[in-house]
Each structure stands twice: as C-alpha cells, then as structure tokens.
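Enquirer: give me a model of this one.
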Amino acid sequence: MSKTALVVGASGIAGSAVAAELKAQGWRVLGLARRPTAQAGVEPVVADLHDPEATRAALTGSRPDAVFFTTWARQATEAENIRVNAAMVRTVLDAIRPEASVRHVALVTGLKHYLGPFEAYGKGTLPQTPFREEQGRLDIDNFYYAQEDEVFAAAERDGFAWSVHRPHTIIGQAVGNAMNMGTTLAVYATLCRETGRPFVFPGSEAQWNGLTDMTSARQLARHLVWAATTPGAANQAFNVVNGDVFRWKWMWGRIAEWFGVEAAPFDGVVTPLEVQIAEDGALWSQIAAREGLVEPDLARLASPWHTDADLGRPIEVVTDMGKSRRLGFTDYAPTDDAFFDLFATLRAERLIP
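Expert: The predicted model follows:
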C-alpha cells in the first residue's frame, strides 16, 4: 500500500518540490495551501492555517503517514512571527491528531537558526562557520525555535518521529513566494537587459569575496523524504545544502552570461535591489504584455528585500552537512546548475522572456 503525505505549503518553493519528489517515489500526496496551484497527481487541500476550525474540517479523514511543513507567514515583528507561525504549526498538528495516523513530521526552517531572526539578522555573537547542527540556539527569540517547540511537544504527546531541515537560501520555482532569490535575480537580469542598465551586484564585499553555499529545492525535497523514510534520521535536526561552495564574484558572472548581460565590476558599495527595481513595476508590465508573459505583477515574482538581506550579510556563511553524510544522504546539486535549471523553467513557463 502506498503511503500518504500531507505537504503544508504545497504551492511554495519547497512545498511544490517535495510534493513532486513524493509523487515520483510513489506516495499519495495531499497538497495543503490557502490557494493551491495545479500540480500533477497532487490532491489539493484548501485551508487557511489562521483558522483552526476550518483547517480541522479540511483535514478530517486525510490520515497522513507523514507531514511536511514547508510554509511560514511573514509578520511585522519577530514577536508576531513567533505567535503566528507557531500557531500555524500547532493548528495542523492538532487537526490531524484525531486521525492517529502520523508517523513522521518534517519541519523546514533555515539558517536563521544560526544567524538570528530578521530583526537581529547576522548581528551579535554568532556561531563559528561552517554552521553545524550541534551549535545550539542563539539567546534571542526566533520563530524557528517556536515552530520546533510545537513539533517537539506534539511528537512527545502523540508518539511520532520528527526531523528539522535547515536549508540555506532555496533555489526553486514559485510565484508569490516571500523568499525567492532565483526568480528575483532572473527578473533583475531581464530588466537590466531591457534597459541597458549595468548588472550590479547588490550586496556586501563579504558576500562578493567570501565563500557561501545554497540549497536547490530539489535537493531539499530529496533530503526531506530521505529523513522521513530513514530510521536513523528520526528525531534529528539537519543542515541541507547543495554540497558545493562558491564566491558570488564567480557566480555573478555565470548568471550574467546566462542572460546575455555584462556583469558590472563590484565597487564595494552596497546597492540594494529593493532600491534598484523600486520603480520598475510598470516596465515589467510592459515587458509581460509584449512578450506574452503570464505574470505581469513584478511584486509576485521578485522578493528584493530577502535577496538584499542574504547578499548584504557582513559575514561569510557556509554550512556543514557531515551529519547527513554519515547517515547515508550523499546527493549533490551544483549551485550554478540549479540556477540555470530554474531560469530555463521560468522561461519555459513564460514567467520571464
């Protein structure tokens, strides 16, 4: 008999990738989202996680064997992030509790576990890089910790296993996603090509010259399913990245070449994308109309605030995956290939020209 998976946030970058991976491995997949997108073989579940009663009704009879929690809701303050995002996890786990079917819950968080929340991002005393899972929580409130605590409490109460997955910046395809560097850079390169503006790296010297890594959505999806089906990975927190490292001064040229634009020399000045493309909404609409693109709203494609946060960090960020390797997860995804695969997908789906 096939297993049933509930993917919470199935329309997002991580959720859509894990849904596809589960289908490829023969699972029945329920894709929960407030506004589900059509995915081949994924059964849509419509629910607003801010409404516990509606969520409970939507999930009645679902009987999932595993739950993959891949979503969050951005709030104005970290206190609100904690309140809202912890409640969303609790709402799902309370809704499926009467089914008594769940054997594993996987939670996607990220490197803000080590770097701190948005209000204190990359500040204060941070763990030494490369980040390792045994490095504990920072002494600061963080909605990732609150989400974890909801999973841990429910696991102890209801007897399921859990895993926590901490990707670096995720490269994948979704529209309307709050954190989407790959599509943001694709849109920015397209605008530079359209206008003749220089393709300027928007971030810090530390990011331009320092080592970093990233996480393909497909790599993350494989890791999530691996942890849910590998007994030795139960009740563990894991970092998950592609397995390579790079410097942005190399990657920037690779991306520029793909789009046929020239990478501007880095002058050491931070020039945020949020400023660079702030007035480009009307121009994008014109490009979309001329090229027959399916999304004319620049704000639904680009998330410059998040890309600026990642590329503006004042420290080098690399991530250790030794824990997963020792337990048998050996998948690898070159980061430039992950970018190029995404760009080709965006073009094929008429999201960029």
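Enquirer: what about the strands in the chain?
Expert: All strands of the chain, identified by DSSP state E, fall at 4-8, 28-33, 42-46, 66-69, 104-108, 161-167, 170-171, 211-212, 215-216, 236-240, 246-247.
Enquirer: Serialize those strands to TSV and add fields for distance to residue 198, mean neighbour count and mean pLDDT.
Expert: Every C-beta, even on glycine, is put in place using the N, C-alpha and C of the backbone. Putting the strands of the chain into TSV (distance: least, Cβ to Cβ, whole Å; neighbours: other Cβ atoms under 10 Å; pLDDT from 0 to 100) gives the following:
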stretch	distance to residue 198	mean neighbour count	mean pLDDT
strand 4-8	40	28	98
strand 28-33	38	24	96
strand 42-46	41	17	96
strand 66-69	41	29	98
strand 104-108	35	26	98
strand 161-167	31	23	98
strand 170-171	24	28	96
strand 211-212	22	18	96
strand 215-216	28	28	98
strand 236-240	34	22	98
strand 246-247	20	16	97
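Enquirer: what's the closest of the ones you listed to residue 192?
Expert: Nearest to residue 192, of all those, is strand 170-171, at 19.7 Å by Cβ to Cβ.
Enquirer: please name every helix or strand in contact with the closest one.
Expert: helix 181-195, strand 215-216, helix 217-229, helix 335-348 (3 or more Cβ pairs under 8 Å, 6 or more residues apart in numbering; DSSP states H and E).
Enquirer: which residue ranges form the helices in the stretch 251-353 of the chain?
Expert: 273-276, 281-291, 298-301, 304-311, 322-327, 335-348 (DSSP state H, counting those that start in this stretch).
Enquirer: wait, what's in contact with the most centrally placed residue in the chain?
Expert: The centroid of the chain falls nearest to residue 170 when counting by Cα atoms, centre = their mean (4.5 Å). Contacts for residue 170 (Cβ atoms under 8 Å, 6 or more residues apart in numbering) come out as 13-14, 179, 181, 214-217, 220.
Enquirer: counting neighbours, which bits of stretch 49-64 end up buried?
Expert: For stretch 49-64, the buried set under the neighbour-count rule, 16 or more other Cβ atoms under 10 Å, comprises 49, 52, 55-56, 58-59, 62, 64.
Enquirer: likewise for stretch 166-186?
Expert: So, applying 16+ other Cβ under 10 Å, buried residues of stretch 166-186: 166-175, 177, 179-186.
Enquirer: follow-up on the earlier one: any chance of the buried residues of stretch 49-64 in TSV, plus pLDDT?
Expert: Converted to TSV, those look like this (pLDDT from 0 to 100):
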residue	pLDDT
49	96
52	96
55	97
56	97
58	96
59	97
62	95
64	97
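Enquirer: from the residues you listed, which two are the most distant?
Expert: Distances among these were taken as Cβ to Cβ; the most separated pair is 52 and 64, at 17.5 Å.
Enquirer: how near is residue 263 to residue 256?
Expert: Using Cβ to Cβ, to the nearest Å, residue 263 is found at 4 Å from residue 256.
Enquirer: who touches both of those two?
Expert: Shared contacts of residue 263 and residue 256, defined by Cβ under 8 Å, 6+ apart, are found at residue 199.
Enquirer: now the helices for the stretch 1-150 of the chain?
Expert: So, for the stretch 1-150 of the chain - with DSSP H, counting those that start in this stretch - the helices run 13-24, 52-59, 78-96, 112-115, 143-158.
Enquirer: which one of those lies nearest to residue 207?
Expert: helix 112-115 (12.9 Å).
Enquirer: what's the offset of that closest one from the middle of its chain?
Expert: Distance, stretch centre to chain centre, for helix 112-115: 14 Å (Cα atoms, centre = their mean, to the nearest Å).
Enquirer: one more: stretch 260-271?
Expert: Its chain's C-alpha centre and that of stretch 260-271 lie 26 Å apart, by Cα atoms, centre = their mean.
Enquirer: buried ones in that stretch?
Expert: Here stretch 260-271 shows 261, 263, 266, 271 as buried, counting by 16+ other Cβ under 10 Å.
Enquirer: between the two ends of it, what distance do you get?
Expert: End-to-end distance for stretch 260-271: 21 Å, by Cα to Cα, to the nearest Å.
Enquirer: thinking again about what came up before, any chance of the strands of the chain in a markdown table, with distance to residue 298 too?
Expert: Below are those laid out as a markdown table (distance: least, Cβ to Cβ, whole Å):
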| stretch | distance to residue 298 |
| --- | --- |
| strand 4-8 | 28 |
| strand 28-33 | 22 |
| strand 42-46 | 27 |
| strand 66-69 | 29 |
| strand 104-108 | 26 |
| strand 161-167 | 25 |
| strand 170-171 | 20 |
| strand 211-212 | 26 |
| strand 215-216 | 25 |
| strand 236-240 | 30 |
| strand 246-247 | 27 |
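Enquirer: just so I know, which of the ones you listed lies nearest residue 342?
Expert: Ranking the strands of the chain by proximity to residue 342 (Cβ to Cβ) places strand 170-171 first, at 5.6 Å.
Enquirer: who does the closest one pair up with?
Expert: Looking at strand 170-171 with DSSP bridges, its partner strands are strand 215-216 (parallel).
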